[in-house]
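Undergrad: Just a sequence and a predicted model for now, questions to come.
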Amino acid sequence: MAKIVAVVTSKPEKVGGGLPVFHAEDQKEAEGLAHLMEKILDAAAHRLEDHLYILVDRH
Amino acid sequence: MNALKLLDHSDLTGVVMGTIFGVASRFLMLQSDYRQYPAYPHGKLIHLALGTIAAALGSVAVPALLKKDFTAITFLGMAAQQFRDVRNMERNTLSAIDKQELVPRGTTYIEGTAVVFEGRNYLSILTAFLTSMAVALSSWFVGLIVGLICLGIVIRFRKGKTIKDVAQIEFAPVRVEGPNVSVGDIYMMNVGLEESQQIIRDVGIGFVLTPRSDDAKVTIANLGQRQAILHDVSVRLGVYRDDGEPGLLPMAKLDLHTGKLGVLILPREHERAVALQAVSDVPLLEAAVRMPTQANRHKGGMLPNG
């Protein structure tokens, strides 16, 4: 099953729980972070809302 | 002169001709095609050597049986054991390679290929057996004709059915709206990064496969068959993908309402006719073919035919 390995958001008040959450200043920074993390973690970045990305590991 | 002497000796003629036709049939079935397997010389060598053994066993069985040496048939049993190992060998090789493929074949495709490799050795035995028998019971000339007929049958049935026999294949536009990617009306996936979305917009080609019958619906819904489509098409058209790029993933998704299959590929080659041909030529996997309409016609409560 796919696993969420990290969350990137510019609205930290909207997410919570036991996951690594990366805070970004704005949407642009969030996209940049998600891009880097996709390459580093080899986990696909998905955009749920404009300010919210999840990195999903399917291995 | 020696060759003429050979013709006087019907047992030996039968064995030699049987073996030759058996090996020839194995060789004809071993042509590497677009799937590029077995493309490497040593892979071919292994299968030709095994094909020779198979053909020799098949052709030797006839004179042995004619001399009422019935224990000879146990050799064929031993041969069957040997060729089951061929299936294992192919399965192991392909599974090992599969881990390093950008678009893997998938286990169903591997299993199908392995079964074909085993089955073709038996066809080689059969060709050798029939040719040898024709020589032993009649003459070398009849053996020649029987051998040629066998080769003809082998060539005729070398290729199985393909996807275009069960589904109608059409191009469909690839739409990327925000993070959502769809092919025609079929939702494929969510791609988060703008960069990946742009690549999919630029290089993505979409197909919609409409099943031609209710049986075909089950077949193209099979996950192994879908992976086979993605693998074969990626081999023929190239693939715009790399390790560590999980966002760029060729994929096939089902429209649950209609049973249509949406296929998104990211090819290097963008010639539309070539792309259509590549999808049309994907072989139909034995393991994916189901016949629910036929099964439902029978009365219930029957045990499976075994």
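TA: Good, I have the coordinates. Numbers count the residues shown, from 1 in each chain, chains lettered A, B, ... in the order given.
Undergrad: export stretch B:122-139 as CSV, just CAs?
TA: Provided in CSV are the C-alpha atoms of stretch B:122-139 (Å, rounded to 0.1, in the frame of the first residue of the first chain):
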residue,chain,number,x,y,z
TYR,B,122,7.3,-29.9,-26.9
LEU,B,123,6.3,-28.7,-30.4
SER,B,124,9.9,-29.4,-31.5
ILE,B,125,9.6,-32.9,-30.0
LEU,B,126,6.3,-33.4,-31.8
THR,B,127,7.7,-32.3,-35.2
ALA,B,128,10.7,-34.6,-34.8
PHE,B,129,8.4,-37.5,-33.7
LEU,B,130,6.0,-37.1,-36.6
THR,B,131,8.8,-36.7,-39.2
SER,B,132,10.7,-39.7,-37.8
MET,B,133,7.5,-41.8,-37.8
ALA,B,134,6.7,-40.9,-41.4
VAL,B,135,10.2,-42.0,-42.5
ALA,B,136,10.0,-45.2,-40.5
LEU,B,137,6.5,-46.2,-41.7
SER,B,138,6.8,-45.0,-45.2
SER,B,139,9.8,-43.4,-46.9
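Undergrad: Near chain A, which residues of chain B? Just list them.
TA: By C-beta under 8 Å from any C-beta of the partner chain, the residues of chain B that approach chain A are B:178-179, B:190-195, B:243-247, B:249. Heads up, the C-betas are built off the backbone N, CA and C, glycines and all.
Undergrad: If we use 10 Å, what do you get?
TA: B:178-180, B:189-197, B:243-249 (C-beta under 10 Å from any C-beta of the partner chain).
Undergrad: among those, which ones are buried?
TA: Neighbour-count burial (16 or more other C-beta atoms under 10 Å in any protein chain shown) is assigned, among those, to B:179, B:189-193, B:196-197, B:245-249.
Undergrad: how about residue B:239, secondary structure?
TA: When classified by DSSP: H, G, I helix; E, B strand; the rest coil, residue B:239 comes out as coil.
Undergrad: Count the neighbours of it for me.
TA: Residues lying near residue B:239 (other C-beta atoms under 10 Å in any protein chain shown) number 20.
Undergrad: Redo the buried ones among the residues of chain B next to chain A as TSV? Include pLDDT.
TA: As requested, these are exported to TSV (pLDDT from 0 to 100):
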residue	pLDDT
B:179	91
B:189	92
B:190	92
B:191	91
B:192	89
B:193	90
B:196	91
B:197	92
B:245	85
B:246	86
B:247	84
B:248	89
B:249	87
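Undergrad: Out of those, list just those in strands.
TA: Judged by DSSP state E, those include B:189, B:190 as members of strands.
Undergrad: any idea which of the buried ones among the residues of chain B next to chain A is the one closest to residue B:82?
TA: Set against residue B:82, the nearest of those by C-beta to C-beta is residue B:249 (40.5 Å).
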